[in-house]
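Visitor: give me the fold of what follows.
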Amino acid sequence: ETVTVAGGIATVTLTDTVAETFAVAITNGAGLTNPSSDSIIVSLGPATQVVITGPGADFATDGSTTLTVQVQAANSNLVTTDSTTTITFDPTLSGTISAVGTGTGDLSYGVVGGAETVTVAGGIATVTLTDTVVETFQVAITNGAGLSNPSSDSITVSAGAADHMVVTATDGSANTGDSEVLSVQLVDQYGNAVSSASAVTVTVTGSATFSATDMGGCTGCQSTSGTLSASGAGSVTITDTVGETVTVSANATGDAEVVANVAASVDFLAKFGYRKSLTIDRTKVACAASPPTTLSNFPVLINITGDLDLRTTTDGGDVTDAQGDDIIFRALNPTTCGGPSVCTLDHEIEQYTSAAG
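Guide: This is a model prediction of the structure:
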């Protein structure tokens with residue numbers, strides 16, 4: 001600014017929104033001697049806010065991201081002298097704080113959906129975030145100094161690299177001669193669906209064969225090769241005329257690494273023309289122990305009244321299988337039986353009225 005003096009005097013007003021030391025050089029147009037530059041120090045005002053300066057980037061389940069916040073004074077100036085303000089990072093859903101970068105944490109990190117409180121260093125706090133689920137989670141940020149807080153940071157997690165195939169049966173059992181549909185899905189190491197039109201080979205054991213497939217390949221065979229859809233999904237239909245438990249497995253064509261692949265079993269039931277799915281609601285099973293413990297081998301009373309499909313007048317009024325059982329109960333999930341095959345549960349028929357079912 002050039003100023004024409006009034007009465008030999010010139011005055012200006014100076015401001016600065018940055019904490020710094022600046023100099024003002026003074027020169028004149030009359031050939032007079034100039035003074036040395038004037039040095040002025042601008043100091044920080046009090047801290048007023050916590051600001052996200054490095055938001056978390058979107059990442060895949062096999063990756064991570066970093067989230068950085070600052071304690072700032074007016075005009076977005078970092079309060080470098082602050083080493084006492086605490087910042088709490090609180091992720092939702094399956095978002096997980098895996099490490100603290102800048103600042104000192106309370107060591108609560110590593111818990112899915114758990115919060116971590118960090119004491120800033122030089123006014124800065126940084127955490128690393130991970131998530132093994134495909135979702136969008138939020139990270140709420142609050143402070144212990146009464147400063148204004150930023151809005152929650154939103155981070156989207158996508159599937160990681162393809163890792164293995166998962167086969168899932170519709171209900172895990174079928175009558176001999178009937179069919180069962182099974183889905184095939186390409187997933188990452190955490191079981192999230194991966195979109196990729198991958199080549200796949202599906203096989204079935206026992207006497208079962210493929211009767212249909214939406215991936216291409218053969219029918220009437222026990223091993224079929226095809227291509228998953230762009231979403232990494234496909235399905236096959238199997239049938240079996242023999243009463244047995246068969247296993248259906250899928251593998252990326254040409255991939256010898258099959259350990260991670262998840263197979264499904266289907267129990268083909270001989271001589272039973274009617275099946276009914278029963279679900280036990282675990283929330284209705286109470287445990288009086290303190291603390292509560294996992295219950296196993298507990299009795300369940302099943303009462304079915306007036307089921308027309310259970311009526312019969314054949315076999316002397318009995319519904320029997322090859323072992324002479326009237327009605328049997330079988331676990332849908334093979335893991336219930338501790339192995340790869342579906343098993344018959346121990347049971348006792350207290351009363352059966354064949355005329356009414």
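
Visitor: what residue is smack in the middle of the chain?
Guide: residue 133 (1.8 Å; C-alpha atoms, centre = their mean).

Visitor: quick check: that residue touching residue 96?
Guide: No - using C-beta atoms under 8 Å, residue 133 is not in contact with residue 96, being 9.8 Å away. All C-beta spots, glycine's among them, are computed from the backbone N, C-alpha and C.

Visitor: now residue 296: how far from residue 329?
Guide: 16 Å (C-beta to C-beta, to the nearest Å).

Visitor: now the strands for the stretch 1-150 of the chain?
Guide: 20-24, 38-42, 47-54, 59-60, 65-73, 77-78, 86-91, 96-100, 104-105, 116-119, 124-130, 135-143 (DSSP state E, counting those that start in this stretch).

Visitor: strand partners of the last one, parallel vs antiparallel please.
Guide: The reference is to strand 135-143. Sheet pairing for strand 135-143, assigned by DSSP bridges, gives strand 86-91 (antiparallel), strand 153-158 (antiparallel).

Visitor: Throw those strands into CSV and include distance to residue 32 and mean pLDDT, thanks.
Guide: Converted to CSV, the strands paired with strand 135-143 look like this (distance: least, C-beta to C-beta, whole Å; pLDDT from 0 to 100):
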stretch, distance to residue 32, mean pLDDT
strand 86-91, 55, 98
strand 153-158, 58, 98
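
Visitor: just the ones you listed: most buried one?
Guide: Each of those was assessed for mean neighbour count using mean count of other C-beta atoms under 10 Å. The highest is strand 86-91, with a mean of 22.

Visitor: how long is stretch 293-308 end to end?
Guide: Length of stretch 293-308, first residue to last, C-alpha to C-alpha, to the nearest Å: 39 Å.

Visitor: list the buried ones in it?
Guide: Using 16 or more other C-beta atoms under 10 Å as the test for burial, stretch 293-308 gives no buried residues.

Visitor: equivalent analysis for stretch 138-147, please.
Guide: Here stretch 138-147 shows 139, 141-143, 147 as buried, counting by 16+ other C-beta under 10 Å.

Visitor: next up, phi/psi of the nearest residue to the residue nearest to the centre of the chain once chain neighbours are set aside, please.
Guide: Excluding its sequence neighbours, the residue lying closest to residue 133 (C-beta to C-beta, 6 or more residues apart in numbering) is residue 94, at 4.1 Å. Taking degrees, to the nearest 10, you get phi -100, psi 10 for the backbone angles of residue 94.

Visitor: so residue 94 makes contact with residue 131?
Guide: Yes - in this structure residue 94 lies within contact range of residue 131 using C-beta under 8 Å: 5.1 Å.

Visitor: okay, the two: which has more neighbours?
Guide: Between residue 94 and residue 131, counting by other C-beta atoms under 10 Å, residue 131 is the more crowded of the two (26 against 17).

Visitor: what's the nearest residue to that one if we skip its chain neighbours?
Guide: Looking at residue 131 with C-beta to C-beta, 6+ apart, the closest residue is residue 157, at 4.5 Å.

Visitor: what's the one you found in contact with, if anything?
Guide: Counting by C-beta atoms under 8 Å, 6 or more residues apart in numbering, residue 157 touches 58-61, 131, 133-137.

Visitor: name the member of the residues you listed that has the highest neighbour count.
Guide: Going by other C-beta under 10 Å, residue 131 tops the contacts of residue 157 with 26 neighbours.

Visitor: OK, contacts around it?
Guide: Per C-beta under 8 Å, 6+ apart, neighbours of residue 131: 59, 61, 93-96, 137, 155, 157.

Visitor: okay, it: pLDDT?
Guide: On pLDDT, residue 131 comes in at 98.

Visitor: any idea how far it is from residue 150?
Guide: 20 Å.

Visitor: shared neighbours of residue 94 and residue 131, which are they?
Guide: With C-beta under 8 Å, 6+ apart as the test, residue 94 and residue 131 both reach residue 137.
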